[in-house]
Structures are given as structure tokens and as C-alpha cells.
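**Q** Next come a sequence and a model predicted from it.
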Amino acid sequence: MNDTDPKTDTDDHNDEPPPRVYPDPPTYHWDFWAEDMLERGLDRDLAILGRAVIRETDQHRWGGLAARLACGHVVEELMTRAPQLAARLYDVLLETDGLRYAWVEDEKSSEMVELPGLYDHS
């Protein structure tokens, strides 16, 4: 019979907090956004995705529709009210660098296809 309390067992690491999704302390507005969303109960994977989208729109200068969809308040609303759609939408935005490029679907190719008309520089 084992008298070890499962909550104090050294092999149990479930009580450790999950790793942060941003540097400690937070540095950029996307880090603060992720911190706020986690504190408000947003799923961790969605917070990571939202942080990445907000960061990429800033760092890669997304414009047009992609930039409007990647504003913090829009990301928040979609992720809290339509999380499955938000995850699919933001995966596409990240994969296409803000609707600018698509990668050719051939393992031997590193070519990109420009998506004309979907991206503007505004």
C-alpha cells in the first residue's frame, strides 16, 4: 500500500503552471494582449494563435482585410464568440502571410504564388 499523497508526489507535475506564451515580463502589445486574454479565461492555444496573428500583422505590415481582421479587438471577439472559425481563419492568415502568398503544394518546391487583389498596402 502506498501512503504517498498524490498531490505532494514529486513525480506529479500537473500542479506546475503552463509555460507562458509571451516573455516575462511582457514586452510588446501582442504579449500584453495574450496575457490579458489568458487572465480572462481564453483557451491557451487560442491565446498563442492570437498573439502570433497580432505580432505578424505588425511585423510583416499586413494591410487591407488581413490587417483589419488582425486588430486586437477583432481577434478577441472572434476567439471568444466563434473560436473554431477564428482558429481556421487565423491559421490561413498566418500560412499566407496576411493573404499575400500561398506556397506551392509540392514537397520539392519552395515556390510561392502571389495572391493578387487580396492584399493592398493600405
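**A** Received, thanks. All values derive from a computational prediction rather than experimental measurement. Residues are numbered from 1 along each chain as shown.
**Q** any idea of the mean pLDDT in the top helix by length along the chain?
**A** Assignment by DSSP state H gives helix 44-59 as the longest helix of the chain. The average of the pLDDT scores along helix 44-59 is 96.
**Q** hmm, who's touching that helix?
**A** Contact partners of helix 44-59, identified using Cβ atoms under 8 Å, 6 or more residues apart in numbering, comprise 18, 21-22, 28-31, 33-34, 37-38, 42, 62, 66-67, 70, 72, 75-76, 79, 83, 86-87, 90-91, 93-94, 97-98. Glycine gets a C-beta too; all of them are placed from N, C-alpha and C.
**Q** Please tell me how far the residue nearest the centre of the chain sits from E114.
**A** Nearest to the mean C-alpha position of the chain, by Cα atoms, centre = their mean, lies L49 at 1.2 Å. Counting by Cβ to Cβ, to the nearest Å, the separation of L49 from E114 is 25 Å.
**Q** same check, this time on F32
**A** 33 Å.
**Q** Right, I'll leave it there.
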